[in-house]
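Enquirer: the following comprises the amino acid sequence and a computationally predicted model.
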Amino acid sequence: METNAPIEKLEPAASIIDLFGGPDVVQQITGSDRTRVYRWTQPKEKGGTDGIIPLRPAQKLWAHAKATGMEIPGDLFLSTTLSSNAASEVAA
């Protein structure tokens, strides 16, 4: 029996990926494989990183944001929950 349950995406990785334009854009910026980008949003039991973006790709995303003038809160990569304030700051 198949279920169409929504796939859980963990924070802050899911929101960060969305803020940068999706997995394809994040893949281009970081040089990470698309499946690796996806796994950042998955729980460890499913082979993911529990919503944490590893240091090297996070550094590349941060550098890209600075180089392109994208303003992102400094604690965004550290937070396990994206506050609505942080999301609105980035969207503005």
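Expert: Done, it's in.
Enquirer: what's next to stretch 59-67, contact-wise?
Expert: Contacting residues not belonging to stretch 59-67 are listed as 16, 20, 26, 29, 30, 31, 53, 70, 71, 72, 77 [CB atoms under 8 Å, 6 or more residues apart in numbering]. Bear in mind the C-beta positions are built from the backbone N, C-alpha and C, glycine included.
Enquirer: so which strand or helix has the third one?
Expert: In the assignment (DSSP states H and E), residue 26 maps to helix 23-30.
Enquirer: so how far is the following helix or strand past that helix from its chain's centroid?
Expert: Counting by DSSP H and E, the next helix or strand C-terminal to helix 23-30 is helix 34-39. A distance of 10 Å separates the centroid of the chain from that of helix 34-39, by CA atoms, centre = their mean, to the nearest Å.
Enquirer: what's the helix holding residue 26 packed up against?
Expert: Applying 3 or more CB pairs under 8 Å, 6 or more residues apart in numbering; DSSP states H and E, one finds that helix 23-30 makes contact with helix 13-19, helix 34-39, helix 55-67.
Enquirer: any weak-confidence spans in this protein?
Expert: 1-6, 79-92 (pLDDT under 70).
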